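Asks: Structure for the following, please:
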Amino acid sequence: MIKWKMVIYNLILRILKGEFMDSNLLADRYKIEDRIGGGGMALIYKAYDTLINRLVAVKLLRSEFDADDEFLKRFKKEAHYAATLIHQNVIQIYDIGVEKSRNYIVMEYVDGISIRELIDSKKNIEIGKIVNFAIQICSAMNEAHKFRIVHRDIKPDNILVTKNNIIKVTDFGIAKSHNATALTKAGSVLGS
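Replies: Below is the predicted model of the structure:
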């Protein structure tokens with residue numbers, strides 16, 4: 001009996017933290033499976049695209065920002081900037097939308113870990129692998145710069161490594177295009 005109480009208690013806590021959506025099907029297409037990450041602005045879910053039968057990641061803007069025009073602008077700009085970049089080392093954006101006032105971005109699902117998790121694991125990493133990762137990160141940034149996009153938040157949490165050691169740069173939320181106006185205000189802090 002105590003075990004069930006603990007399960008229910010933990011479930012209620014997860015619901016209150018916003019880990020679950022009202023339904024596990026988004027846009028009549030994306031079947032939400034598990035929460036796999038998140039930050040101050042959004043939650044990331046592993047999902048299954050039932051239309052084309054593939055795993056995807058869904059970035060769902062936290063509900064407290066759904067009415068904040070500035071956050072909505074940043075969220076949509078992230079999708080726009082990342083979708084502009086077609087490169088093996090940049091996370092691919094597949095879709096963007098709004099359902100029941102919840103803004104979301106659907107993107108490539110990466111079966112791997114962040115550079116932060118790799119660092120925290122304290123595993124010895126061969127120098128050749130580190131150099132390879134650095135080259136891939138530079139390649140992604142070079143591609144962004146060709147489109148006059150500056151990421152502005154490159155950090156271990158925003159770089160994923162697949163099981164095949166392919167780097168994927170993510171989170172263009174505070175990126176800036178030199179062809180557009182800034183998405184941050186003077187005196188504001190960038191990044192997380």
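Asks: Flag the shaky bits of this protein, pLDDT-wise.
Replies: 1-23, 173-192 (pLDDT under 70).
Asks: Which stretches in it count as helices?
Replies: Using DSSP state H, the helices of the chain run over residues 2-16, 69-84, 115-120, 127-146.
Asks: can you redo those helices as CSV with distance to residue 92 and mean neighbour count?
Replies: C-beta coordinates here come from the backbone N, C-alpha and C atoms, glycine included. CSV is the format used below for the helices of the chain (distance: least, Cβ to Cβ, whole Å; neighbours: other Cβ atoms under 10 Å):
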stretch, distance to residue 92, mean neighbour count
helix 2-16, 29, 10
helix 69-84, 8, 18
helix 115-120, 19, 14
helix 127-146, 12, 14
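Asks: right, so of the ones you listed, which gets closest to residue 172?
Replies: When these are compared by Cβ to Cβ, helix 69-84 sits nearest residue 172, at 4.4 Å.
Asks: quick revisit: let's have the helices of the chain in JSON lines, adding distance to residue 101.
Replies: What follows is these, written out as JSON lines (distance: least, Cβ to Cβ, whole Å):
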{"stretch": "helix 2-16", "distance to residue 101": "18"}
{"stretch": "helix 69-84", "distance to residue 101": "11"}
{"stretch": "helix 115-120", "distance to residue 101": "32"}
{"stretch": "helix 127-146", "distance to residue 101": "31"}
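Asks: do you know which of these lies nearest residue 103?
Replies: Across the helices of the chain, closest to residue 103 is helix 69-84 (Cβ to Cβ), at 5.7 Å.
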